[in-house]
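S.K.: let's see this in three dimensions:
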Amino acid sequence: MNGPVRLFVASALALLAPALVVAQGGPPQGKGMGPYDPSTVVSMSGTVVAETRIDRGMGHKGVHLTLKTADGEISVHLGPDFWVDEQKTKISKGDQITVKGSKVTFDGKPALIAQSIRRGGETIDLRDTSGKPLWSGPPKK
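M.R.: Numbering: from 1, shown residues only. Now for the predicted structure:
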């Protein structure tokens, strides 16, 4: 390939790469922000009606809750099972909780990517205020 053609191909790939990532659903949680958007953060309260673990083909499962609110049910995306299961506070079916998180559309339906969950006086923090997962990065000392 000569210089101008090589430059054109490199430029085209650089422009198309972000579109390909978005078309594939964005980076997996824990590998980047994913669809978390700090400008869409809301708090929702309700009752946990189900927990689902989704095999993401990355050696772990994603933990999701179904939360029944006054406005209907919404899927709440927590994080990887290896991290959620290590938390001191456990959330179970029937628990009354308040979730703070980014309201997004996932598989064509409204969902929350949880930043934190509060049950009574207990809180589970999952992401910082920018949406960065607390399980990513260097371990806390």
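
S.K.: report the buried residues of stretch 74-84.
M.R.: Burial within stretch 74-84, assessed by neighbour count using 16 or more other CB atoms under 10 Å, is assigned to 74-81, 83-84. No exception for glycine: its C-beta is placed from N, CA and C like everyone else's.

S.K.: show me what contacts the residue nearest to residue 128 when sequence neighbours are not counted?
M.R.: Sequence neighbours aside, residue 134 is the residue nearest to residue 128 in space, at 6.8 Å (criterion: CB to CB, 6 or more residues apart in numbering). For residue 134, the residues meeting the contact criterion (CB atoms under 8 Å, 6 or more residues apart in numbering) are 83, 125-128.

S.K.: just the buried residues of stretch 74-84: which are in strands?
M.R.: Where the buried residues of stretch 74-84 overlap with strands, as defined by DSSP state E, the overlap consists of 74-80.

S.K.: ok, which pair from those residues is furthest apart?
M.R.: Spanning the widest gap among those are 74 and 80, at 20.2 Å by CB to CB.

S.K.: can you give me the helices in this protein?
M.R.: Along the chain, the stretches classed as helices by DSSP state H are 3-23, 81-84.

S.K.: worst mean pLDDT among those?
M.R.: Ranked by mean pLDDT, the helices of the chain bottom out at helix 3-23, which scores a mean of 42.

S.K.: can you give me the pLDDT of the residue nearest the centre of the chain?
M.R.: If you average the C-alpha coordinates of the chain and look for the closest C-alpha using CA atoms, centre = their mean, you land on residue 113, 4.3 Å from that point. Confidence at residue 113, expressed as pLDDT, is 96.

S.K.: whichever of the contacts of residue 134 end up buried, select them in PyMOL.
M.R.: In PyMOL, selecting the buried portion of the contacts of residue 134, with burial taken from 16+ other CB under 10 Å, looks like this:
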select buried, resi 83+126+127
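
S.K.: alright, I will stop here.
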